[in-house]
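> One predicted model, sequence on top.
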Amino acid sequence: MRTTIYALIVVAAVAVLTATMFLPVLQVSGSSMEPTLSDEDIIVLVKSNHLETGDLVGFYYQNKLLLKRVVAGPGDIVDIDEDGNVYVNDALLDEPYVTEKSLGESDLDYPVQVPEGRYFVMGDNRATSIDSRSSAIGYIEADQIVGRVILRVWPLNQISLIQ
C-alpha cells in the first residue's frame with residue numbers, strides 16, 4: 001500500500017512539473033482572439049524560444065496572462081493603414097485568421113520598427129483587442145513570453161491544433 005501511495009505522489013509531482021515547466025494549460029478569458037479562440041476555451045502552450053510571424057503566444061503583462069498573435073519580430077518594420085491592413089517590411093501580411101480588419105485602438109505613428117529582443121503582437125479580433133498598437137502594452141519582451149499555443153483541448157467538440 002505504501003509503495004502505491006509513493007508511486008502516485010511521484011506521478012503527480014512529475015505531471016505538475018511537466019505542466020508548469022514545459023506545457024502550461026490555460027483558460028482563455030475574453031474575446032480578443034476571436035474567432036480563433038473563444039472565451040473559456042482551454043489551451044495548451046509549449047515553451048519555445050523560436051517564434052515566427054503568425055504564432056499565437058501567451059505572455060505576462062501586469063501579472064495577467066494575455067494571448068496574442070506575433071505579427072513582427074525584432075528589427076521588423078510594421079505599418080498599419082487606416083483600413084487595418086498590416087504591412088511587415090513593406091509586404092502585406094496574409095492574415096486568414098482575421099475576419100474583420102480594423103486599425104483598432106492605436107496611439108502609434110506608423111511605420112514603427114520593433115526593437116531588438118521584442119515582438120509586435122496583435123489580437124485576431126482587431127476592433128476590440130488591446131495589444132502592441134497601444135503604448136499601454138507596447139512591444140513584448142522575449143522573457144515575458146510563456147509559450148506558443150499549440151492545442152485547444154476544451155470544448156471537446158473543438159479540440160484542434162492551433163495555427
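Nice, thanks for sending it over.
> The protein: helices as residue ranges?
Residue ranges of the helices in the chain, as given by DSSP state H, are 2-21.
> Contacts only, for the residue nearest the centre of the chain.
For the chain, the residue lying nearest the average C-alpha position, counting by C-alpha atoms, centre = their mean, turns out to be residue 57 (2.4 Å). For residue 57, the residues meeting the contact criterion (C-beta atoms under 8 Å, 6 or more residues apart in numbering) are 45, 51, 67-70, 119, 121, 140, 145-149. All C-beta atoms are positioned from the backbone trio N, CA, C, and that covers glycine.
> and with 7 Å instead?
Residue 57 makes contact with 51, 68, 70, 121, 145, 147-149 under the criterion C-beta atoms under 7 Å, 6 or more residues apart in numbering.
> excluding its backbone neighbours, what's nearest residue 107?
Ranked by C-beta to C-beta, 6 or more residues apart in numbering and with sequence neighbours excluded, the top spatial neighbour of residue 107 is residue 135, at 5.4 Å.
> I figured that neighbour hits residue 106, correct?
No - in this structure residue 135 lies outside contact range of residue 106 using C-beta atoms under 7 Å: 9.2 Å.
> which one of those two has more residues nearby?
residue 106 (18 against 10; other C-beta atoms under 10 Å).
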